[in-house]
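> Mind folding the following:
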Amino acid sequence: MMRKAQGAIEYLFMIAAALVIILIVVRQLRGKGSSASNTANKAEKLASEQLSSMMASG
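Alright, predicted model coming up:
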């Protein structure tokens with residue numbers, strides 16, 4: 001009986017460790033995604049402003 005309980009506890013610890021790793025990865029990906037989104041928005045705004053100034057002067 002003791003061996004089965006030890007195996008079950010080890011199994012639960014492995015599941016908990018996997019969940020912690022998954023949560024860390026998801027948080028990192030969310031951070032990278034929002035950073036990439038901000039960069040893309042800034043680049044789009046800059047390109048739009050440059051295009052507008054080129055059309056106004058030309």
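> What are the boundaries of the helices in the protein?
If you assign secondary structure with DSSP state H, the helices in the chain sit at 2-57.
> Next, name the residue at the spatial heart of it.
Leu29 (1.3 Å; CA atoms, centre = their mean).
> now that residue: how far from Asn38?
As judged by CB to CB, to the nearest Å, Leu29 and Asn38 stand 15 Å apart. To be clear about C-beta, it is placed using only N, CA and C from the backbone, and glycine gets the same treatment.
> what's the answer for Ile9, then?
Shown here: Ile9 relative to Asn38, a distance of 44 Å by CB to CB.
> got it, and Leu23?
Taking CB to CB as the criterion, Leu23 is separated from Asn38 by 23 Å.
> Please apply the same query to Lys32.
Computed with CB to CB, the distance linking Lys32 and Asn38 is 11 Å.
> Poorly predicted segments of the protein, please.
1, 58 (pLDDT under 70).
> and if we set it to 50?
Segments of the chain classed as low confidence (criterion: pLDDT under 50) are not present in this model.
> picking that back up, wait, what's in contact with the residue nearest to the centre of the chain?
For Leu29, no contacting residues are found, by CB atoms under 8 Å, 6 or more residues apart in numbering.
> Same check on the one 3 residues further on?
With CB under 8 Å, 6+ apart as the criterion, no residue contacts Lys32.
> Ala47: neighbour count?
Using other CB atoms under 10 Å as the criterion, Ala47 is surrounded by 10 other residues.
> Report the separation between it and Ser37.
Relative to Ser37, and taking CB to CB, Ala47 is found at 16 Å.
> Ok, Lys45 next?
Separation of Lys45 from Ser37 (CB to CB) stands at 13 Å.
> and what of Leu19?
Separation of Leu19 from Ser37 (CB to CB): 27 Å.
> Likewise for Arg3?
For Arg3, the distance to Ser37 (CB to CB) stands at 51 Å.
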